[in-house]
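S.K.: Output the structure for:
(one chain, ligands or ions: 1)
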Amino acid sequence: MTAYLQLRLNIVMTCFALMIALVILILISPIMAAENGEQDPSIIKIASLDDFPPQYFLDKTGKATGFAIDIMNEVADIAGLKPEYIIFKTWDEVQLALKNGTVDVIPNMGITERRKEFADFTLPVETFPVSIFVRSSETEIKSAKDLTGKRVTVVKVNIGYVLLKDNKSINLNYAVNAQEAMMLLLSGYTDAVVYPRPVIESLALKSGLSDRMKVAGEPLEEVSRGIAISKGRTELFNTLNNAVSDLITSNDYKEIYARWYGGIDEGWTTKHLSLSLGLLVASFLAGLILIRYQSLAKFSKELKSRIVERTRQLKESEENARLLFETSFLGIAEHKLIYDDRGLPKDYTISNVNPAYYHILDFITDTVEGKKASEVYGTGEAPFLEEYSLIARGGPPTELELNFESLNRIFRIFAYSHKSDSFVTVFEDITERKEAESREKGYNRFISSLLSAIPIPVFYKDRKGYYIGCNTAFTEMMGPTSEEIKGKTVYDMAPKEIAEVYHQKDLDLMANPENQMYEFKIKDKNGITRPVIFAKDVFYDDQGNVAGLIGTFLDITDRRNAELALQKKEEKYRILASELSRANEELSQYAFVVSHDLKTPLRAIHNYSTFIAEDMSGLDLPETVRQDLKGLSKAVKQCQGLVDDLLEFSRIGRINSDLEILNLKNILDEVLEGISLPAMARIIFNNDLPCVKANSILLKQVLTNLITNGIKFNNSPEILIEISGKQISESTVEIMIRDNGIGIDEKYHQQIFQVFQRLHTRSEYEGSGVGLAIVKKGVEIMGGSVRLESTPGKGTIFFVSLQAPSEAET
Ligand code: ADP
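M.R.: Take a look at the predicted model:
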């Protein structure tokens, strides 16, 4: 029996041990998975900002919190995802993180067209108006246009700032957050605050200050926010979008909204109705009672209820003020002045500070309440004693900047007095902002020196077309300096018809932000219109929206003038060429007519001289007369030769000079048939001569003249004419005619191509001096050229360049 019990006990113990082991295994499995480096697919990485209340900020433990975070947590919960937050400092960082995949989503992001390029947005999770808030007593500001000339506070990076930053007519100033903006409004420092309406309303409600301010006019804009998801993550998008759709119709959503913005107006519900009815009945009864007790009792009761109500209001307002004080992101400290024996302020005690005070002044480790400022800050004299004394004794609220050099930190302080001899400071650490400003200033200085150094005019304008500045080269050409041009538009700078074109081009560029280039004109500071080439491009703000444009132009007056001069010259040459061609034509006509008309009388003289010689043949004439008759006959023959050559020369310019593909060898064969060769002359050429693009009549004439000259001006016992030809480029064929004749001195190489230019007398060599002129004219008509190389006594080579047939023509 004992053994049996023992066995059962063992079985129970074993089962128990197994169960414990199983539980431990289940508990540690996620840890093991994490250690193995596995990524839980249900984790969703979410971007959050560290300081953008009420959407995102960090709570006291450094955890992300805010309206956007609560919404995101709820959406993730519905979608079955585990949120993991990554905190960033700026919007730029957040957007970059989404683009490069560091995070999967950005909760509650303003939905804009530009952002849709890199993110998909779920249904809006909130839509709110951006409104103008003024003090309750304000009567002048009733709409946005009444802000002109007023002091208006916005929070940088907030939509209000984006909407108003370019409006030059407003005296714009900045607060760190909505709380500070509200404080600046109520203190009278600013006339209006422009900010998302629910945020300010919720803050005002919490601090019991709702009756001190109101909304003026219509909202400036309606803004929608949705959850931004990396583009292309369709599955994640659908999951989150469905979850958002579920959430916004649920009570959870209303609760979250109420938590951050102070409740949604649900309209006139049954609950309201019964409450109102109850109130109506109660007031009716109260009326009856009042009629019955018209006495002192009535007065006493009224007084009592007023005291109760007033006490309640006071308590509530105190509670609100306490809340604001406790939760403010700004340091708040209350102080009391300490006077010396002569009644002069010598220090001040710190009587009360909020938690943010210690958070900002993290170098203070002990409590400061009740201590003197000179001791707490270790600055010898208490900081700003003089200024604070004035404020504490009735002076106006003042803004100060304190540079704590020993700590390397800068603070912005807003100080005001709430009771005699006391003052309150509201402050923030602006070291980082100042450093950024100084970096920006340095960068701006660099840009401005760079722009000054650029020798071509540069200008820049904001989105609305107002000039922001220009460089020195611009001022030199157009007149206004960078300061003077600020706030002007192109209509202030150029005549209307030019300005309209500029303006339209600017609008085109803003709508379609690509580099823009065009030729137009400007009117310079001396009123001279100059042709220019514009090159312009846009620049973007922190949010990635087009913020303005930068442009430059190049004065092309010189280029234009050169183009015009060239055009004029071309026109002049064209006229000259046509006149020349007409003159040539007339000359050739004239030469033709003259030589043609001369032929008849010459023939008559020749005939008459022959008749006279025949008639006188039987007579015994003196020898001189016989010689004269011979001379006459010879002169007439020469004259006929000249006229024939002249006719040939003018005929060359009149024949149909169409070009065709010719086989050079065939042409040469034909040419040689027409030449009677002296016995001691030899003409040689290769059979593989190229084809040329030429006119056969002209080419034959050219070759005939060159070959006969080579034979004629030759004293060698054996006359040798060598002809060759080759294609020397894609478009040119060169024919060479080489002789072993008397050669030509280089100084005559040009002259010999002119009409009637000869180097010898007729008694030496026959001829009229037209042969080479015909060669040159013929070659040029065919689109070619002719040149020669020669050494006197050693022969001559004539080079004739003609067109080669194109590949398609062969
Ligand atoms: P022509 O032959 O009627 O004299 P051209 O116009 O043919 O007239 O020639 C002009 C001059 O050029 C000739 O008078 C001659 O002095 C010179 N000339 C032409 N061809 C040759 C050549 N192949 N060798 C040497 N001299 C030449």
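
S.K.: Contact residues of this structure facing the ligand?
M.R.: Proximity of the chain to the ligand, by C-beta under 6 Å from any ligand atom, involves residues 709-710, 713, 739, 741-744, 752, 758-760, 767-773, 796. C-beta here means a position set from N, CA and C on the backbone, and glycine is covered the same way.

S.K.: Helices - which of the residues you listed land there?
M.R.: 709-710, 771-773 (DSSP state H).

S.K.: Which two of these have the greatest separation?
M.R.: Greatest spatial distance among these (C-beta to C-beta): G710 and A773, at 17.0 Å.

S.K.: Of those two, which one has the most company?
M.R.: G710 (25 against 22; other C-beta atoms under 10 Å).

S.K.: was I right about the more buried one contacting S716?
M.R.: No - the criterion here is C-beta atoms under 8 Å, and G710 misses it with S716 at 10.5 Å.

S.K.: hey, what's in contact with both of these two?
M.R.: Common contact partners of G710 and S716 (C-beta atoms under 8 Å, 6 or more residues apart in numbering): G741.

S.K.: residues near G793, how many?
M.R.: Neighbours of G793 (other C-beta under 10 Å): 10.

S.K.: Chain neighbours aside, what residue packs nearest to it?
M.R.: In this structure, G793 finds its nearest non-sequential neighbour in G743, 5.3 Å apart by C-beta to C-beta, 6 or more residues apart in numbering.

S.K.: so who does G710 touch?
M.R.: Contacts for G710 (C-beta under 8 Å, 6+ apart) come out as 719, 721, 737-739, 741, 796.

S.K.: List the buried residues of the helix or strand containing V94.
M.R.: For V94, the element it lies in under DSSP states H and E is helix 91-99. Residues of helix 91-99 classed as buried by neighbour count (16 or more other C-beta atoms under 10 Å): 91, 94-95, 97-98.

S.K.: mind listing which of the residues of the chain next to the ligand are in strands?
M.R.: Judged by DSSP state E, the subset of the residues of the chain next to the ligand located in strands is 739, 796.

S.K.: which stretches of the stretch 151-300 of the chain form strands?
M.R.: Along the stretch 151-300 of the chain, the segments classed as strands by DSSP state E, counting those that start in this stretch run 151-155, 171-175, 192-196, 213-230.

S.K.: any idea which of these is most buried?
M.R.: Counting by mean count of other C-beta atoms under 10 Å, strand 192-196 has the highest mean neighbour count of these, with a mean of 26.

S.K.: Just list what that strand packs against, helices and strands only.
M.R.: Under the contact criterion of 3 or more C-beta pairs under 8 Å, 6 or more residues apart in numbering; DSSP states H and E, strand 192-196 touches strand 126-135, strand 151-155, helix 159-164, helix 178-186, strand 213-230.

S.K.: D628 is nearest to which of those?
M.R.: Going by C-beta to C-beta, the one of the helices and strands packed on strand 192-196 nearest D628 is helix 159-164, 116.3 Å.

S.K.: L400 and E386 touch, don't they?
M.R.: No - L400 is not in contact with E386 according to C-beta under 8 Å; the separation is 10.9 Å.

S.K.: The two: who's more crowded?
M.R.: L400 (16 against 9).

S.K.: Identify the residues contacting the one helix or strand that one maps to?
M.R.: In this structure, L400 sits in strand 398-404 according to DSSP H and E. Strand 398-404 is contacted from outside by 189, 377, 383-384, 387, 390-391, 409-416, 427, 430, using C-beta under 8 Å, 6+ apart.

S.K.: What is the burial count for the closest residue to the ligand within the stretch 501-650 of the chain?
M.R.: Relative to the ligand, the nearest point of the stretch 501-650 of the chain is D645 (7.2 Å; C-beta to the nearest ligand atom). D645 has 20 neighbours, counted by other C-beta under 10 Å.

S.K.: Look up how far A583 lies from the nearest residue to it once chain neighbours are set aside.
M.R.: Leaving aside its chain neighbours, D645 sits nearest to V770 (3.9 Å; criterion: C-beta to C-beta, 6+ apart). Plainly put, V770 is 20 Å away from A583 if you go by C-beta to C-beta, to the nearest Å.

S.K.: With neighbour numbers in mind, choose between those two.
M.R.: V770 (24 against 10).

S.K.: Wait, that one touches V643, no?
M.R.: No - in this structure V770 lies outside contact range of V643 using C-beta under 8 Å: 10.5 Å.

S.K.: List the residues that contact I468.
M.R.: 460-462, 486, 548.

S.K.: Any of the residues you listed buried? List them.
M.R.: 460-462, 548.

S.K.: can you list these in JSON lines and add pLDDT and secondary structure?
M.R.: Formatted as JSON lines, these follow (pLDDT from 0 to 100; DSSP: H, G, I helix; E, B strand; the rest coil):
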{"residue": "Y460", "pLDDT": "92", "secondary structure": "strand"}
{"residue": "K461", "pLDDT": "93", "secondary structure": "strand"}
{"residue": "D462", "pLDDT": "92", "secondary structure": "strand"}
{"residue": "G548", "pLDDT": "91", "secondary structure": "strand"}
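
S.K.: Show me which of those residues is closest to the ligand.
M.R.: Nearest member of those to the ligand, counting by C-beta to the nearest ligand atom, is Y460, at 73.6 Å.

S.K.: pretty sure that closest one contacts L549?
M.R.: Yes - with contact defined as C-beta under 8 Å, Y460 reaches L549; the gap is 6.8 Å.

S.K.: Could you name every residue contacting both of these two?
M.R.: The contact sets of Y460 and L549 overlap at F539 (C-beta under 8 Å, 6+ apart).

S.K.: Can you name the residues in contact with stretch 695-706?
M.R.: 648, 652, 655-660, 662, 667-668, 670-671, 674-675, 692, 723, 735, 737, 771-772, 774-775, 778-779, 781-782, 786, 798, 800, 802.

S.K.: So which of these belong to strands?
M.R.: 660, 662, 692, 723, 735, 737, 786, 798, 800, 802.

S.K.: Identify the bridge partners of the second one.
M.R.: Spelled out, that is L662. V692 (DSSP bridges).

S.K.: Let the chain start at 347 from now.
M.R.: In the new count, where the first residue is 347, that last one comes out as L1008.
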